[in-house]
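Engineer: here is the input, now give the coordinates:
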Amino acid sequence: MNKNSVIRHFLAAVIFMFALTSHAALIGFVSNPTTNSLDWAAAVAAAGGAVNNNVNFDSHSAGALQSNFYLASDGVTLTPSGDVNMVQFGVGPNNGNTSTPPLSSGEGIHIASNFLFDGGAPSTLIISFAMPVAGVGLVTIDYYNPLGNNPLTIEAFTGASGTGISLGSFSSAAFNFQADNQYFMGLFSTAGDIGSVVFTDVNSMTGDTTGIDDIRFATINSAPGPASINQVPEPASLALMGLGLVALGNWRRREAA
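Structural biologist: Numbering: from 1, shown residues only. This next block holds a predicted model:
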């Protein structure tokens, strides 16, 4: 592991150790397209969590999505609404607008495999868990949002199927990830109380078609107590988390210069 990677993971771990000493908080990993999944994984590791990578559609046959395909093996139910309901094989949707800035290679080109196809119309995918989890993330493929007018959102709830208390939501970054680059969106709850996540393709303004792959989730050893669900981080812990985030942002800007 090189020096830059060590620094990045250390800063991410510091942020989350402070978060874990406070009350419940939901943290999003959407704003750093080249490192979102690494930062999310570092947060999970700092909390002593274990990541499940099985919901990757590789064992799911091409064709209509089977909502309960991963229920018995992994405790996951996928409920689509709209045109996010077909599994297909390939590198990705491979749309052709690769020139409109700002461009991002994200976390690299998606390697040909099965993925969930999301058409150009508004749609939602609800990811429900048989037992609460601490972290959830997914990879989008070939996403187009350089003008910020084609947002994706990811929202966590305490109950299954988008029910219970909303823990918070985060929206996608404004970049062009075509053609077939990967952009990871993730969430982490310090209380480990995520019962479901609702992933929403908000509008059809651009007619963008995308792919969804590698749905990941993480559990931590300590189960959330009932009082933790409605609590928010204490001011002191928020300040410490903020300092960590500022340090992480300053380091990334220096690296980009």
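Engineer: the helices in the protein, which residues?
Structural biologist: Applying DSSP state H to the chain gives helices spanning 3-21, 36-46, 71-74, 235-256.
Engineer: just give me the neighbour total for Thr153.
Structural biologist: For Thr153, the neighbour count with other CB atoms under 10 Å is 16. Using the backbone N, CA and C atoms, a C-beta is placed for each residue, glycine as well.
Engineer: let me know whether it touches Asn203 as I believe.
Structural biologist: No. Counting by CB atoms under 8 Å, Thr153 does not reach Asn203; the two are 10.9 Å apart.
Engineer: state the distance from Leu38 to Ser105.
Structural biologist: Between Leu38 and Ser105 the computed distance is 14 Å (CB to CB, to the nearest Å).
Engineer: between those two, which is the more surrounded one?
Structural biologist: Leu38 (17 against 13).
Engineer: would you mind measuring from that one to Glu107?
Structural biologist: According to CB to CB, Leu38 and Glu107 sit 8 Å apart.
Engineer: do Asn145 as well
Structural biologist: 16 Å.
Engineer: neighbour count winner among these two?
Structural biologist: Set Asn145 next to Glu107 and count neighbours by other CB under 10 Å: Asn145 wins out with 23 against 18.
Engineer: got a list of what the more buried one touches?
Structural biologist: Asn145 is in contact with 151-152, 172-177, 206, 208, counting by CB atoms under 8 Å, 6 or more residues apart in numbering.
Engineer: next one: Pro101
Structural biologist: Counting by CB under 8 Å, 6+ apart, Pro101 touches 146, 176.
Engineer: strands of the stretch 151-257 of the chain, start to end?
Structural biologist: 152-157, 166-171, 182-189, 194-201, 210-219 (DSSP state E, counting those that start in this stretch).
Engineer: most tightly surrounded among those?
Structural biologist: Among these, ranked by average contacts under mean count of other CB atoms under 10 Å, first place goes to strand 182-189 (a mean of 26).
Engineer: what mean pLDDT does it have?
Structural biologist: For strand 182-189, the mean pLDDT works out to 98.
Engineer: again, but for stretch 32-50
Structural biologist: Mean pLDDT, computed over stretch 32-50, is 97.
Engineer: gap between Asp64 and Val84?
Structural biologist: Quick fix: residue 64 reads Ala, not Asp. According to CB to CB, Ala64 stands 12 Å off from Val84.
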